[in-house]
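> Based on what follows, work out the 3D shape:
(one chain, ligands or ions: 1)
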Amino acid sequence: MKNETSQKKVRAFAPATVANVGCGFDVLGFAIHELGDFVTASLSEKPGIRIISISGDDGRLPLETEKNTAGLAAIALLKEAGKSDLGVELTIEKNMPLGSGLGSSAASSVASVVAVNHLIGSPFSKSELLPFSVDGELAASGTAHADNVAAALFGGFILVKTHLPPDVLSLQTPEKLHCTIIHPKIEIQTKNSRKILKKQVSLEKAVTQWGNVGSLIVGLYTDDYDLIGRSLHDEIIEPVRSMLIPGFKEMKSAALKAGALGCSISGSGPSLFALSTSEILAQKIGSSMGSVLDGIDLEYDLHVSKVNTEGAAVVGEL
Ligand code: HSE
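Down below sits the predicted model:
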């Protein structure tokens, strides 16, 4: 923890993220571009943290600091910095859908700690900010999984070695990798989609799964796109959660047929992600997946992005 000059007002951005990456339930994730949240933190004379406004959530997120992931993460940070009495006002701009499986709560809590940290003179390094955001995630989903928050904070691909305390490793991102996201317009709460998971896993499935996690990581480090594709299989979580997503099987086959390296559920769903090696392919994959949802009259959003290797950042200050 160090101390530098502080600002009066700081705006930060944290990106949307794809957690699990198929085989790596709760341990793998990566960040994408454009979608994400902005949080502005301003110094105020009145002690304590207040959330002044939230936009882009249709009035659904709590303004009470202690019930909001961004608020909770900021409380944890100021407490650790010994500045709990400081007056801070937060403005949250959500620039991504809620309950979509794209790490919406993580984006808010990460943007919040990045903004507040800068506001008070950056006493904490990026890595030191992680536990505060995990606190926010605990409030949102009832579990302290760090995959979305770590990917949003650091960018690129990450591996969560342990969650509490968070021990996170940044992985390599192959240059050509592109991601297609399709977000069917239904909502799935992470809390609920965790409840339906089986608590026991057969040894056979576990062996397959950790084989895939290991080979996916080798694929990332060797730019071996074929190996990445062969590793994007989830024997444990996808078969259960995919039942909540209309057209899942058909969308996945459409993506693979259109040239995707692999395709699975993004985080806890309902969004799906597919990886490919060019923007043209990524767009084509998106259209093919979209045709499936057109056929069942389900609205959706499509998004194509390279992997965001920068992660959260301060985007403005006064
Ligand atoms: N790893 C978490 C899960 C991410 O799959 O439940 C939630 O977005």
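
> which stretches of the stretch 1-150 of the chain have low pLDDT?
1-6, 140-141 (pLDDT under 70).

> Can you get me a residue count around the residue in the chain positioned nearest to the ligand?
Ranked by Cβ to the nearest ligand atom, the top residue of the chain for proximity to the ligand is G267, at 2.8 Å. (Glycine included, C-beta is placed from N, CA and C.) G267 has 29 neighbouring residues, counting by other Cβ atoms under 10 Å.

> Quick check: it is in a strand.
No: judged by DSSP: H, G, I helix; E, B strand; the rest coil, G267 forms no part of a strand; its state is coil.

> Give me the buried positions along stretch 169-189.
170-171, 173-174, 177-184, 188 (16 or more other Cβ atoms under 10 Å).

> Correction: the previous question concerned stretch 213-221.
In stretch 213-221, counting by 16+ other Cβ under 10 Å, buried: 213, 215-217, 219-220.

> Around the ligand, pick out the residues from the protein.
Applying Cβ under 6 Å from any ligand atom, we find that the chain lies next to the ligand at 19-20, 25-26, 101, 103, 145, 147-148, 190, 194, 267-268.

> please redo it, this time with the cut-off set to 8 Å
Selection of the chain residues close to the ligand by Cβ under 8 Å from any ligand atom yields 19-20, 25-26, 29, 101-103, 106, 141, 143, 145, 147-148, 190, 193-194, 237, 241, 265-268.

> Can you tell me which of these are buried?
Counted by 16+ other Cβ under 10 Å, the residues of the chain next to the ligand give 19-20, 25-26, 29, 101-103, 106, 141, 145, 147-148, 190, 193-194, 237, 241, 265-268 as buried.

> Next, count neighbours for G56.
15.

> one step back: so the residue of the chain closest to the ligand sits right up against V21, yeah?
No: G267 lies out of contact with V21 (Cβ atoms under 8 Å); the separation is 9.7 Å.

> My reading is that R50 lies in a strand. Confirm?
Yes: assigned with three-state DSSP, R50 falls within a strand.
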